[in-house]
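Participant: Please work out how this folds:
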Amino acid sequence: MLALANEGRQSKGLSIVPKYRADIDGLRAVAVLSVLAFHLELSRSQGGFVGVDVFFVISGYLISSIVFSEITASRFSVISFYERRIRRIFPALFGMLAVSSVFAVIFLLPSELVSYSKSMLAATTSASNFYFWQHSGYFDLPTSQPLLHTWSLAVEEQFYISFPLFLVVVRKFFPQRLRISVVLLFFASLVASIIVVSHNKEAAFYMPYTRAWELLLGTILSLGVFPRLQSAWLRNLAALAGIGMIAFSVLSYTQETVFPGFSALMPCVGSALIIWAGEAGSSLVGAVLSWRPFVFIGLISYSLYLWQWPVIVLRRMGVIIGISAVTSQHQAALLSPHRFDILVEIALSFVLAVVSWRFVERPFRNGPLRLSGRRLFALAGASMFILLGFCSLAMFAKGFRARFPSNAVQVASELDGNEEFRLMRTGICFITSDNHFEGYNYNVCLSQDSGKKNYLLLGDSHSAMLWSALSSALHHANIMQASIAGCEPSLHPLGSSDCRKMMAYIFQNYLPTHPVQRMFLVGRWEEKNIEGLTALIAWAKQHQVPVTVFGPVPEYDGPLPRLLAYSIAWNKPNLASEHLVSGLGPLDAEMQRTARNTWHVPYISLYRGICGAESCAEYADAAHKIPLMSDTNHLSQSGASFVVRRLVEQGELH
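Facilitator: Next up is the predicted model:
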């Protein structure tokens, strides 16, 4: 997006070409950093997806300012407008697509490469939003979709393909009704967004007609519909309110928020307030946003947006070895393994963004590679032809299946996980982001058996992965289940509302009135969980509830089935072990000491059940066809049965 802003003069009700505003580049930085925080799954930035909405408002304001200034000067040209969009969008986008495709051919499995090629075809033709609407939910953040983030570029391009044509029609037939036409279009799109989101959240998220109002909000600003804020205190009030609205959205919105619709008004209006306040002069917020580091991030924001998601996907696929896999145990104790890998993703994203901005964006926009007219359209057309040709070839060749032998593909098939979710009783006794606590089936999950010992399995997804194996191995027991994704057992959980509801129900309603012979506590533990576990175990002893704690499992910085498939295809038998996350062994030892010396409760070391002194088991069968894990940190159902049987045979679990 061109970094322009309103200079403050009007002609015939339309804006003259505005001067540069550093605060808008700073606002771009806020937008892209919010999106990056969301994609990194930072717990305090679950609403970071609203950064895209901030981008939409900025884009609508800046592009419309240019268009209306040209209309005022009677020199607006649809062809010239499209030339600017091509120079702005295509070079960096096509560069990212080309580089990503090289990695896709090397690392994506055949079926994944076919899917990638389809998404790349959509991205190249500015139709990504329609493709991902049909094939993937944005909030699922699927790590086999490196081009998922291009949906927003498609929405923006679809808007800018149609908006100039709309302006041409209005200018010809209703020359005195330009403002009112834009305002009416704004309200029509907003109403559509509010209505559609209540019936089909995915469609409302991806469709251009439910997002157009966000860009049109910026357009209305550029038309000078609102009076300028000449008073300094009014500018500061508006800007502070604006940044507060954006911050509130980033920090309080979650995947459960009904979005866009009314909810999108908060970040969009906040962005508009900041832009509006800066039209007439400076403000405190504007001064902060104009700080040079923010401005620089704003300058590279387009390239940073393009690169951050492919980098995150590749790292989580195990293509890039994270720091957590190679750092020392002492260093791992200073910072959790996940935080180390986040630093890798951030650093690499910024490096690629700077390179793209400096050597691709700038030369094509204002440097030696700047083209116009037929040469520009010819180069864009040729580039699209090459990319589309690759997509067609990859789909026709069924993902170039010869790259991976059949046994590697079989091992990788564990990534599908449909049967895994069924055996975990997902949506019934295991609540995920796709369902809620209200759907928890008490009659099935907490049904006691008077003829057996009743054990309560409580925890996050790591507890769900053990239920089937424990039920099969402990014949004398009735294993009840209360599992919530991302919800470690705690008296005062910090997770989702479903997590808090589940823990409140178990400790305040169920256990006080339903005696159990033992409670199994299972979670994806970190150092910070030990204090909460201490309080929980103290409560359990006070209420005569026997407790057994299950320790952590080993983890990998990429899905184990994928790593094993790579090791087979490339004949590197030690490849998976090179991606083993450090720090889990010491955590397991610390928890075992605490269980023995402080908690005084039985402790089951899943880590020692899997890992010996030299290596960790990677397969659940002697034929080496079934991976022990289904992803980076969850045991497959066969893997869980393997580990539980081993613990029973060793006398650890009885």
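
Participant: what sits against the residue sitting furthest away from the middle of the chain?
Facilitator: Taking CA atoms, centre = their mean, the residue of the chain most remote from its mean C-alpha position is G451, at 46.5 Å. Residues near G451 by CB atoms under 8 Å, 6 or more residues apart in numbering: none. Bear in mind the C-beta positions are built from the backbone N, C-alpha and C, glycine included.

Participant: and the gap between it and V196?
Facilitator: 53 Å (CB to CB, to the nearest Å).

Participant: and if you look at F132?
Facilitator: 16 Å.

Participant: same check, this time on V30
Facilitator: V30 is 27 Å from V196, by CB to CB.

Participant: Same check on L379?
Facilitator: 38 Å.

Participant: Chain neighbours aside, what residue packs nearest to A540?
Facilitator: Nearest residue to A540, sequence neighbours excluded (CB to CB, 6 or more residues apart in numbering): V547, at 4.8 Å.

Participant: Looks like that neighbour contacts V516 (just checking).
Facilitator: No. The pair V547 / V516 is not scored as a contact, 10.2 Å apart, by CB atoms under 8 Å.

Participant: So between the two, which is more surrounded?
Facilitator: Counting neighbours by other CB atoms under 10 Å for V547 and for V516 shows that V547 has the greater number, 23 against 19.

Participant: who's that one bridged to?
Facilitator: M519 (DSSP bridges).

Participant: what's the pLDDT at it?
Facilitator: We note a pLDDT of 94 for V547 in this prediction.

Participant: Can you give me the distance of it to Y505?
Facilitator: In terms of CB to CB, V547 sits 18 Å off from Y505.

Participant: which ones are touching L147?
Facilitator: Residues in contact with L147 (CB under 8 Å, 6+ apart) are L97, S100, Y116, S119, M120, A122, A123, S128, P310.

Participant: what about the residue nearest to the last one when sequence neighbours are not counted, helix or strand, and which?
Facilitator: Read it as P310. Among residues not flanking P310 along the chain, P146 sits closest, at 4.5 Å (CB to CB, 6+ apart). Under the criterion DSSP states H and E, no helix or strand holds P146.

Participant: I'd say P146 and S100 touch.
Facilitator: Yes. Between P146 and S100 there is a contact at 5.5 Å, judged by CB under 8 Å.

Participant: Between those two, which is the more surrounded one?
Facilitator: More crowded of P146 and S100, by other CB under 10 Å: P146, with 28 against 22.

Participant: what about the host helix or strand of F81, distance to the chain center?
Facilitator: Following DSSP H and E, one finds F81 within helix 78-107. Helix 78-107 has its C-alpha centroid displaced from the chain centroid by 22 Å (CA atoms, centre = their mean, to the nearest Å).

Participant: What helices and strands are in contact with it?
Facilitator: helix 51-72, helix 110-124, helix 151-173, helix 301-316, helix 337-356, helix 362-366, helix 373-396 (3 or more CB pairs under 8 Å, 6 or more residues apart in numbering; DSSP states H and E).

Participant: Looking at these, which is nearest to I610?
Facilitator: I610 lies closest to helix 337-356 among these, at 16.6 Å (CB to CB).

Participant: Quick one: work out the angle between the closest one and helix 301-316.
Facilitator: Inter-element angle recorded for helix 337-356 and helix 301-316: 140 degrees (by axes from the mean of the first three to the mean of the last three CA atoms, to 10 degrees).

Participant: Report all helices and strands that helix 337-356 contacts.
Facilitator: Applying 3+ CB pairs under 8 Å, 6+ apart, one finds that helix 337-356 contacts helix 78-107, helix 301-316.

Participant: In JSON lines, list these along with mean pLDDT.
Facilitator: Shown next, in JSON lines, are the helices and strands packed on helix 337-356 (pLDDT from 0 to 100):
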{"stretch": "helix 78-107", "mean pLDDT": "92"}
{"stretch": "helix 301-316", "mean pLDDT": "94"}
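
Participant: Same list, those helices, but as TSV with distance to L190 please.
Facilitator: Output for these, formatted as TSV (distance: least, CB to CB, whole Å):
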stretch	distance to L190
helix 78-107	24
helix 301-316	25
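
Participant: So for L388, which of the ones you listed sits nearest?
Facilitator: Set against L388 and scored by CB to CB, the helices and strands packed on helix 337-356 come closest in helix 78-107, at 10.6 Å.

Participant: Return the set of buried residues in the closest one.
Facilitator: The neighbour-count check on helix 78-107 (16 or more other CB atoms under 10 Å) flags 81-84, 86-97, 100-101, 103-105, 107 as buried.

Participant: picking that back up, which members of the contacts of L147 are the farthest-apart pair?
Facilitator: Distances among those were taken as CB to CB; the most separated pair is A122 and P310, at 15.5 Å.

Participant: Isn't V581 up against P554?
Facilitator: Yes. Shown here, V581 and P554 form a contact pair, counting by CB under 8 Å, at 7.3 Å.

Participant: Which one of F132 and V196 is surrounded by more residues?
Facilitator: F132 (26 against 19).

Participant: That one should be in a strand, yeah?
Facilitator: No. According to DSSP: H, G, I helix; E, B strand; the rest coil, the state of F132 is helix, so it is not within a strand.

Participant: Identify the residue nearest it in space, chain neighbours excluded?
Facilitator: Using CB to CB, 6+ apart, the closest residue to F132 is W151 (5.1 Å).

Participant: So that neighbour versus P164, what's the distance?
Facilitator: In terms of CB to CB, W151 sits 22 Å off from P164.

Participant: These two: which has the busier surroundings?
Facilitator: W151 (25 against 20).

Participant: Quick check, that one in contact with N129.
Facilitator: Yes. Using CB under 8 Å, W151 makes contact with N129 at a distance of 4.3 Å.

Participant: Common neighbours of the two, please.
Facilitator: Going by CB under 8 Å, 6+ apart, residues that sit against W151 and also against N129 are Y206.

Participant: Sketch out the low-pLDDT regions of the chain for me.
Facilitator: Under the criterion pLDDT under 70, the flagged ranges of the chain are 1-18, 136-144, 320-338, 416-421.

Participant: Do a quick rundown of the strands in it.
Facilitator: Taking DSSP state E as the criterion, the chain contains strands spanning 10-11, 14-15, 430-431, 453-459, 477-484, 518-522, 547-550, 603-604.

Participant: for those, which one sits closest to P267?
Facilitator: That would be strand 14-15 among those, by CB to CB, at 23.5 Å.

Participant: Show me what stretch 584-603 is in contact with.
Facilitator: Under CB under 8 Å, 6+ apart, the answer for stretch 584-603 is 329, 332-333, 337, 525-527, 530, 533-534, 537, 546-549, 551-555, 605-608, 611.

Participant: and if you look at stretch 200-208?
Facilitator: Contacts of stretch 200-208 (CB under 8 Å, 6+ apart): 129-130, 132-133, 137-138, 151, 155, 158-159, 193, 196-197, 210, 258-261.
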